[in-house]
Structures are given as C-alpha cells and as structure tokens.
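> just coords:
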C-alpha cells in the first residue's frame, strides 16, 4: 500500500509540473529580439546642397542666365544639360541654337517655364519678384558667383560639378578640373621663373581694358592671374582698375596686353601710349578678355598665349 501511495504522489507531481510548463510563454527567438537590419542603401551623392539650395537628383535640364556659367558648363562636360541660355551667351557657338531666356536682371519667365528646367543657374541674384515667381513654379535658382581670386576658382568649379554629379562624385570632378587648369598655371610660372633667373629681371605687363589707363590693378582677379603665371603686374600697387592720374609719366610696362577692342593703331595715335617702348617696338598682344570674366578654359589658353608672346618657345634643337 505504501508503495502505491508514493507512486501515486509521484504521478501527481509530474502532472502538475507538466501543466505549469505548458502555461509559460515560449522564449522569444533571437531573430525576434534583434532589430531588423535595414536594406536601404544611402546614396553618397544625393541629395546635395549647393549654395543654400537642396537638389534631390542630377539635373537633366538647366537654364543658364550667365554667359560665364554657360561656358563653364560646356568646359566641364555638362553642356548637354543646358536647355536655354542668357541673351548674351555666345560661347561655344552651339549655344546660338538654344532658346533665349532673358538675363539675370530681366529673366524671361515664360521662356524659362517653357524650357521645363530642373534648375536655373546665374552669377548674380535675381530680383525678389522674379525669384518668387520661379519658386512658385518649383524651379530652384542657384547663384554661383564669379571667383574673386584664383584660389576661389576651386569652389566655383566644385560647386558646379556637385550640382551636376552630386556630393562625392561632383567634389572629385570639380577638384580634378581645377587641378588640371591650375596645373597649367604652375607650368607657366615655372617657365617664366626660369626666364627671370636667366635675365635677372621680371617682365612687367599691363592688362589694358580701356583707353586711357583702365588697367587690371592689384585688387582685380585679372591682375592676380597675371601674377600667378609669374609676370610683374605694372599696376599691381593700385586699385579699382585705375592707374593714378598723377603718375601717368611712370606708366611704362614692358608689354601691353589689351582687349580686342584696342588696336595697335589706336595705341600709336594715342598721346599717352605712342611713345611707350612697348608701342614703339610692338610689344603688344590683343585678346578676348571676356575669357577672364568667364573664368573657363579659354582664360588659361590666353595665359599660355601671353607667356608665349613674352617668352617665345626655343626652336627645336636649339
């Protein structure tokens, strides 16, 4: 009897333990307790913020209200995205076939809307009224100002590339374009410095924009570019594009670089220039100085032409 009682109690105990275990909540699986991993891939390029405007994706249609930016877009390989241009855009020649969209001062809002741009780019601010009108059409406006100094070119080039290619790819593309062009400047400076060491004297030059004495002074981008390739800027000590009226007798550059609007005949007939050594000996060159205002590849081409004029390349085998 005792054996049966003990055995019965043991069976009751086993039954109670089993019922208690069945009522307990199952332990959560490891996959349920861990947060789900995200499959979303973060794009390192988009969106990108350029000069205060956020751009969600690569623009395929751009209206340029700046001749300088139009030229730079083509120089940097983004010309195919330009769908309308400023009334004053003239470079490269193919822009003449594109629709006109007015100017930054007076944009043609209907023409801009008809072009269906993803973005409008300009060198200068639009009026508040025009800016609001474009914002109401969901057309962002990005102001990419002209570089004030040679080193500011990097920011300009990088921001154009970031706008078109996104943050990471654009930053690399913009830096590459800057390094390529400034590498040309460094090569010219090395060449000029070598000539200076040979002669023992720096060649002074004057960037003559208008007659009389409207010249690139030391506070101008143009003057800084002349010095960047190793020239001595004749007007480097002065400012505001003005040679001092009381120092005209001291104006005597070794070479004169003038705008295309100024000819040698004009210099020879001008009382302030006809007796200069540069005029007498035809130490002069005329260039399209809009290239310096637009700050693209043509500007670096012209700098090379200037150095070639002052320091002609040695004949092969010399």
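Yep, that arrived. Treat the numbers as computed from the prediction; the structure is a model and nothing was measured.
> From now on I want contacts and neighbour counts done on CA atoms only, so please keep to that.
Fine.
> domain assignment for the protein?
Domain assignment for the chain by automatic domain parsing gives 48-149, 202-310.
> what about residue 41, how many neighbours?
Neighbour count for residue 41, taken as other CA atoms under 10 Å: 6.
> Wasn't it part of a helix?
No - counting by DSSP: H, G, I helix; E, B strand; the rest coil, residue 41 falls outside a helix, being coil.
> Need phi/psi at it.
Phi and psi for residue 41, reported as degrees, to the nearest 10, are phi -100, psi 130.
> What of the one 3 residues further on?
Backbone dihedrals for residue 44, given as degrees, to the nearest 10, come out at phi -70, psi -10.
> Torsion angles phi and psi at the nearest residue to it once chain neighbours are set aside?
Excluding its sequence neighbours, the residue lying closest to residue 44 (CA to CA, 6 or more residues apart in numbering) is residue 168, at 6.3 Å. Phi and psi for residue 168, reported as degrees, to the nearest 10, are phi -80, psi -50.
> Is it correct that residue 168 is in contact with residue 45?
Yes - counting by CA atoms under 8 Å, residue 168 touches residue 45, with 5.4 Å between them.
> Next, show the common contact partners of these two.
Jointly contacting residue 168 and residue 45 under the rule CA atoms under 8 Å, 6 or more residues apart in numbering is no residue at all.
> in the stretch 101-250 of the chain, which spans are strands?
119-122, 141-143, 204-210, 214-215, 232-233 (DSSP state E, counting those that start in this stretch).
> which stretch among those comes nearest residue 304?
strand 204-210 (14.3 Å; CA to CA).
> That closest one - contacts with which helices or strands?
On a contact count with 3 or more CA pairs under 8 Å, 6 or more residues apart in numbering; DSSP states H and E, strand 204-210 meets strand 214-215, strand 232-233, strand 255-259.
> okay if I get the ones you listed as JSON lines plus mean pLDDT?
Putting the helices and strands packed on strand 204-210 into JSON lines (pLDDT from 0 to 100) gives the following:
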{"stretch": "strand 214-215", "mean pLDDT": "98"}
{"stretch": "strand 232-233", "mean pLDDT": "98"}
{"stretch": "strand 255-259", "mean pLDDT": "97"}
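> got JSON lines for those strands, with mean neighbour count and distance to residue 295 too?
Formatted as JSON lines, these follow (neighbours: other CA atoms under 10 Å; distance: least, CA to CA, whole Å):
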{"stretch": "strand 214-215", "mean neighbour count": "22", "distance to residue 295": "18"}
{"stretch": "strand 232-233", "mean neighbour count": "22", "distance to residue 295": "19"}
{"stretch": "strand 255-259", "mean neighbour count": "22", "distance to residue 295": "16"}
